[in-house]
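Asker: Provide a 3D model corresponding to the input given below.
(one chain, ligands or ions: 2)
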Amino acid sequence: MIFTMISLILPTYNEAENIPELLPKIEEILSGIPHEIIIVDDDSPDKTWQVALDLSQNKEDVHVIRRVDKRGLSSAVIDGFLAAKGDVFAVMDADGQHDMELLPKLYVAVKENNGLAIGSRYIEGGSVGGWDERRHFLSKIATKMALHICSVKVKDPMSGFFALDRKVFEEVLPRLNPKGFKILLDLLVHVPKETKATETPYTFGVRQLGKSKLSWKVQIEFLEYLYDVTVGRFIPLTFVKFCIVGTFGVFVHLIAYGVISRSIMDGDPLTIGGFSFAVIGATEIAIIFNYLLNNSWTFAHQKLRGTSAIVGFFKYNVACSFGALANWAVSAYLFSIGWIDFLAVFTGAIVGVMWNYTMNRMFTWRK
Ligand code: GDD
Ligand code: MN
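Answerer: Ligands and ions are numbered 1, 2, ... in the order given. Have a look, this model is predicted:
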């Protein structure tokens, strides 16, 4: 076999305590194979990048990428791959949880199958180690769900420990989704069906120092990812989120309407003028609520900040005024033909939400 080069990517976020111990061990294990180690750090507050840079002085095979404007495991790994010179790429946690003794084996497996080699916790001989019931359970469910969407089926599609042929990566690169933690899953979803994948068992170890970054946010990103690669191809997630925000907005609208209308009525019957005033007030309150929620959740990936947030709010209002006009016209019409006021308001608000998505996708949060 021709030994060429393995590029090992170590994504890091707050691993300053682990790197100094880890690096020499990896270098020892990889000493028989031409290799490079690329640490991709997202400007960790604990200055992991600084520690890594200090350790890499006088070492030609260790490189450090410090990303200041991005966050996320998958995108860090992708950036590492893009900077890599080897013909085999590998990824490993930088906290000592993965059995680095397996690296040469993963490398050889990729050289043989020209595909993927995965460190697996779910095949004979492997295990998740000392996980608590809750994480074990969640991981099992997530793995089951994930398997449905993979074009190449393996037992541990969510492993963070694997190697692959450079060509496999280059082929799927344009289709990769950099969201969240699931880089291997994303690869398995997008590679051609004939791609070979070998699994090698290992026991998931305990983290040396520091904390896991697999937060509830990462778990939600996983669900969003599953949506994106299935139904999301037809109905964008932003539309679904916009509708959810809109639904909450309808409630805010109804409550605001109730408060305003009942306070101006003061015991008297509601006039059409008073009704319109309450509807317009309630609409603006709902618009403010929806804008804030859409900006921080629906369009979190293109969140408007500072002055842009103010300009965005202005645009949002203009865009929504079409929706509000339709909202007002529909509800006032339905009220005038004798509908119960709350039902008229409700129907008007629904029509408004549909207008608003289209307008704001065109003007406020443009793709
Ligand atoms: N650059 C960068 N940016 N690195 C990150 C980020 C980030 O936003 N988030 C986490 N990392 C790094 C960590 O510093 C660590 O080296 C590695 O990515 C994995 O993160 P952990 O926080 O150690 O995750 P885990 O051990 O809980 O999860 C492991 O198991 C999962 C499956 O159960 C990982 O191996 C995951 O990749 C795997 O999916
Ligand atoms: Mn870990």
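Asker: how many neighbours does G232 have?
Answerer: By other CB atoms under 10 Å, 17 other residues sit near G232. All C-beta spots, glycine's among them, are computed from the backbone N, C-alpha and C.
Asker: confirm it sits in a strand?
Answerer: No: G232: not assigned to a strand; according to DSSP: H, G, I helix; E, B strand; the rest coil it is helix.
Asker: pLDDT score assigned to it?
Answerer: With respect to pLDDT, G232 scores 88.
Asker: and it, how far from ligand 2?
Answerer: Taking CB to the ion, to the nearest Å as the measure, G232 falls 28 Å from ligand 2.
Asker: distance check, that residue against A76.
Answerer: Between G232 and A76 the distance is 23 Å, computed by CB to CB, to the nearest Å.
Asker: for this structure, which segments are assigned as helices?
Answerer: Counting by DSSP state H, the chain has helices at residues 19-29, 48-56, 73-83, 103-113, 133-147, 166-172, 183-190, 216-229, 237-265, 272-293, 306-336, 341-363.
Asker: so, low pLDDT: which residues of the chain?
Answerer: Counting by pLDDT under 70, the chain shows low-confidence ranges at 1-3.
Asker: residue in it nearest to ligand 1?
Answerer: G160 (2.2 Å; CB to the nearest ligand atom).
Asker: burial measure for that residue, as a count.
Answerer: Residues lying near G160 (other CB under 10 Å) number 20.
Asker: thought it was touching A94?
Answerer: No: the criterion here is CB atoms under 8 Å, and G160 misses it with A94 at 10.3 Å.
Asker: which parts of the chain sit against ligand 2?
Answerer: Residues of the chain found near ligand 2, taking CB under 5 Å from the ion as the criterion, are 93, 95, 97.
Asker: restrict these to contacts with ligand 1.
Answerer: Contacts with ligand 1 within those, as defined by CB under 6 Å from any ligand atom: 93, 95, 97.
Asker: hang on, isn't the last one packed against Y202?
Answerer: No: at 9.8 Å, Q97 does not count as touching Y202 under the criterion of CB under 8 Å.
Asker: now the residue lying farthest from the centre of the chain: phi and psi?
Answerer: The outermost residue of the chain relative to its centre, with distances by CA atoms, centre = their mean, is D268 at 52.5 Å. Note on D268: its backbone torsions stand at phi -80, psi 160 [degrees, to the nearest 10].
Asker: gap between it and P45?
Answerer: 60 Å.
Asker: returning to what we had before: make CSV out of the residues of the chain next to ligand 2 and add neighbour count and distance to F314.
Answerer: Shown next, in CSV, are these (neighbours: other CB atoms under 10 Å; distance: CB to CB, whole Å):
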residue, neighbour count, distance to F314
D93, 23, 45
D95, 23, 46
Q97, 20, 49
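Asker: from those residues, which land in strands?
Answerer: Among those, no member falls in strands (DSSP state E).
Asker: looking at these, which is nearest W365?
Answerer: Lowest distance from W365 to the residues of the chain next to ligand 2 (CB to CB) belongs to D93, with 34.5 Å.
Asker: please name the nearest non-neighbouring residue to the closest one.
Answerer: G160 (5.5 Å; CB to CB, 6 or more residues apart in numbering).
Asker: what about L214, how many neighbours?
Answerer: Neighbours of L214 using other CB under 10 Å come to 16.
Asker: for it, what are phi and psi?
Answerer: Main-chain torsions, L214, degrees, to the nearest 10: phi -80, psi 80.
Asker: show me what contacts it?
Answerer: With contact taken as CB atoms under 8 Å, 6 or more residues apart in numbering, L214 is in contact with F181.
Asker: I'd like to know how far it sits from V206.
Answerer: Taken as CB to CB, the span from L214 to V206 is 14 Å.
Asker: ok, now which ones touch Y225?
Answerer: Per CB under 8 Å, 6+ apart, neighbours of Y225: 177, 179-180, 182, 185-186.
Asker: repeat for L185
Answerer: For L185, the contacting residues are 146, 149-150, 157-158, 225, by CB under 8 Å, 6+ apart.
Asker: ok, now which ones touch the nearest residue in space to G96 that is not next to it in sequence?
Answerer: Excluding the flanking residues, the one nearest G96 by CB to CB, 6+ apart is Q208, at 4.0 Å. Q208 makes contact with 17-18, 21-22, 95-97, according to CB under 8 Å, 6+ apart.
Asker: phi, psi for Q208 please.
Answerer: Per-residue torsions, Q208: phi -60, psi -70 (degrees, to the nearest 10).
Asker: quick check: the gap between it and Q97.
Answerer: Note on Q208: its distance to Q97, by CB to CB, is 8 Å.
Asker: residues of the stretch 151-300 of the chain that sit close to ligand 1?
Answerer: Checking the stretch 151-300 of the chain against ligand 1 by CB under 6 Å from any ligand atom, the hits are 158, 160, 181, 212-214.
Asker: and which of those residues is nearest to ligand 2?
Answerer: Nearest to ligand 2 among those, counting by CB to the ion, is S212 at 5.8 Å.
Asker: now do the contacts for the closest one.
Answerer: Contacts of S212 (CB under 8 Å, 6+ apart): none.
Asker: need phi/psi at it.
Answerer: The phi/psi pair for S212 (degrees, to the nearest 10) is phi -70, psi 150.
Asker: distance of it from R134?
Answerer: Noted for S212: a distance of 13 Å to R134, by CB to CB.
Asker: go on, L184?
Answerer: Remark: distance between L184 and R134 (CB to CB) = 22 Å.
Asker: when these two are compared, which one has more neighbours?
Answerer: Legend: neighbour count by other CB under 10 Å for L184 and R134, higher for L184 (26 against 8).
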